[in-house]
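Chemist: Got a predicted structure here, sequence first:
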Amino acid sequence: QVQLVESGGGLVQAGGSLRLSCAASGRTFSSYAMGWFRQAPGKEREFVATTTQSGGSTYYADSVKGRFTISRDNAKNTVYLQMNSLKPEDTAVYYCAARGMGYSDYVGSYDYWGQGTQVTVSS
């Protein structure tokens, strides 16, 4: 069992930056691939970024590639999402998720989810 708690969301102007954090409970954090997803009002939850158990490999949605960076610190049981050059279309609730196999961009393949943190980008 893994419990995930996101933080770091907020209101930012277009072009600004935010850093999201996701703290995980338990001593097996390093055995999980981690992902970030987002859901805007009236839209389905969509993939943002994912990383392997070691953090050595990452994969991004085309819409955020070059602007967002996923990283993890297994000693702190935390995964991060650094978001730069934010756009109004990045506005959404951002969720972190964990899965016990390799990294994936498929929302249905993740086993554990956090409650989400709101990110609002004003124009």
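Modeler: In hand now; what should we look at? Since we're looking at a predicted model, the values are computed, not measured.
Chemist: hey, let's count contacts and neighbours off CA atoms from now on
Modeler: Will do.
Chemist: got the contact list for stretch 90-107?
Modeler: By C-alpha atoms under 8 Å, 6 or more residues apart in numbering, the residues outside stretch 90-107 that reach it are 2, 4, 6, 22, 31-41, 45-53, 109-121.
Chemist: at 6 Å what do you get?
Modeler: With contact meaning C-alpha atoms under 6 Å, 6 or more residues apart in numbering, stretch 90-107 is reached by 32-40, 47, 51-52, 110-114, 116-121.
Chemist: Restrict those residues to the buried ones and give me that as a PyMOL selection.
Modeler: Per 16 or more other C-alpha atoms under 10 Å, the buried members of the contacts of stretch 90-107 correspond to this PyMOL selection:
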select buried, resi 32+33+34+35+36+37+38+39+40+47+51+52+110+112+113+114+116+117+118+119+120+121
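Chemist: Tell me how many other residues crowd Tyr80.
Modeler: Look at Tyr80: counted by other C-alpha atoms under 10 Å, it has 22 neighbours.
Chemist: so it, which of the three states?
Modeler: Taking DSSP: H, G, I helix; E, B strand; the rest coil as the rule, one finds Tyr80 in the strand state.
Chemist: mind starting the numbering at 55 from now?
Modeler: Got it, first residue is 55 now, which makes that one Tyr134.
Chemist: count of residues packed around Met128?
Modeler: Heads up, residue 128 is Asn, not Met. For Asn128, the neighbour count with other C-alpha under 10 Å is 17.
Chemist: Is Gly64 in contact with Gly170, as I believe?
Modeler: No - in this structure Gly64 lies outside contact range of Gly170 using C-alpha atoms under 6 Å: 11.8 Å.
Chemist: The contacts of stretch 144-161 in strands, which ones?
Modeler: With strands defined by DSSP state E, the entries of the contacts of stretch 144-161 inside them are 87-93, 101, 105, 166-167, 171-175.
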